[in-house]
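Trainee: Build the 3D model from these lines:
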Amino acid sequence: MKIADLITWFEEWANPAWCESWDNCGWQVEPGILQESARVLVCLTPTLAVMQEAIAKNANLIFAHHPLIFAPPKSFRVGEAIADMVRLAFVHNIGIYSAHTNFDQVQDGTADVLAQILELKDATPIVPTQNGLGYGRVGTIEPVMSLKDLLAIIHSRLAPNNLLVSPSANLQQEISRIAVLGGSGASYISAVVKTGATAYLTSDCKFHQFQESRDRGLILIDAGHYATERPACDRLVQKLQYLNLDWVKLSDRDEDFRQFFP
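Mentor: A predicted model of the protein is given here:
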């Protein structure tokens, strides 16, 4: 399959026009590779380490969830990560394409995969956008389980570096309705409360957002940005493997930028 055809296939599923106004979905760098046979390295975040991996593995497309460029750069200088990524992309004819908030909304996107991992029943968007799509997912879990067992499942299936949980949470409390949103989801706390969910799995939550959740009767669970979004990248690889690609692989050099000591 040519890269142009791959992008057409993807954009019929997750249209970049659906991305938020502050976002930057779609081509980040396209060095004239559209008619080449697709050799795709999928990653969460495009970094120099991922670029070096793409070069070593003779990939010609880095397909990333996070955009390489969020705001228009004012300059490109040697030694700056974005400038070096762009230079290497043109030197080695490697395209960089990002699917961000458009990918968050769709079936088998970041939130939907989290809901599937937790085996949520009758999952629907926390905030609908269009045609059954939307941000986050909320559904029921069967059978009902304790918060302690839910945290153990999250830890086992997502393998986060750490789990942060509301301090007043009772580990023996029974949980039946759960909301999930991969990545930075603290701004959706009010919307989650309206869904009747007891627990909310997301990431990048601040001190006072845990306070807000506690005060509103919602158990907030922060599993980290990487752990909550990387599974969707793995699912994307699985979907791409059904296409007629020369080669596709999940990056080995993706990074979780948060580490905990000890």
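
Trainee: The helix or strand hosting Ile96 pairs with which strands, and in what direction?
Mentor: Assigned by DSSP states H and E, Ile96 falls within strand 95-98. Strand 95-98 has its sheet partners listed here by DSSP bridges as strand 26-29 (antiparallel), strand 61-64 (parallel).

Trainee: Redo the ones you listed as CSV? Include mean neighbour count.
Mentor: For glycine as for every other residue, the C-beta is placed from the backbone atoms N, C-alpha and C. CSV is the format used below for those (neighbours: other C-beta atoms under 10 Å):
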stretch, mean neighbour count
strand 26-29, 18
strand 61-64, 25
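
Trainee: Throw those strands into a markdown table and include distance to Gly95, thanks.
Mentor: What follows is the strands paired with strand 95-98, written out as a markdown table (distance: least, C-beta to C-beta, whole Å):
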| stretch | distance to Gly95 |
| --- | --- |
| strand 26-29 | 6 |
| strand 61-64 | 5 |
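
Trainee: For Asn131, find the nearest of the ones you listed.
Mentor: Between Asn131 and the strands paired with strand 95-98, the shortest gap by C-beta to C-beta is with strand 26-29, which sits at 20.4 Å.

Trainee: and the closest one, average pLDDT?
Mentor: Averaged over strand 26-29, pLDDT sits at 98.

Trainee: what's the following helix or strand after that strand?
Mentor: strand 39-43.

Trainee: between the strands paired with strand 95-98, which gets nearest to Asn102?
Mentor: Asn102 sits nearest to strand 26-29 of all the strands paired with strand 95-98, at 8.6 Å, using C-beta to C-beta.

Trainee: And the strands in the stretch 151-262 of the chain?
Mentor: 164-165, 174-184, 199-203, 219-222, 247-250 (DSSP state E, counting those that start in this stretch).

Trainee: ok now the third one, how far from the chain's centre?
Mentor: Spelled out, it's strand 199-203. Taking C-alpha atoms, centre = their mean, to the nearest Å, the mean C-alpha location of strand 199-203 is offset from the chain mean by 14 Å.

Trainee: Also the second one?
Mentor: Between the mean C-alpha location of strand 174-184 and the chain-wide mean there is a distance of 15 Å, by C-alpha atoms, centre = their mean.

Trainee: May I see the buried residues of stretch 174-188?
Mentor: The neighbour-count criterion (16 or more other C-beta atoms under 10 Å) identifies 175-183, 185-186, 188 as the buried residues of stretch 174-188.

Trainee: actually stretch 155-173, not the one I wrote
Mentor: Buried positions in stretch 155-173, judged by neighbour count with 16+ other C-beta under 10 Å: 158, 160, 163, 165-166, 169.

Trainee: Poorly predicted segments of the stretch 51-200 of the chain, please.
Mentor: Applying pLDDT under 70 to the stretch 51-200 of the chain flags no residue at all.
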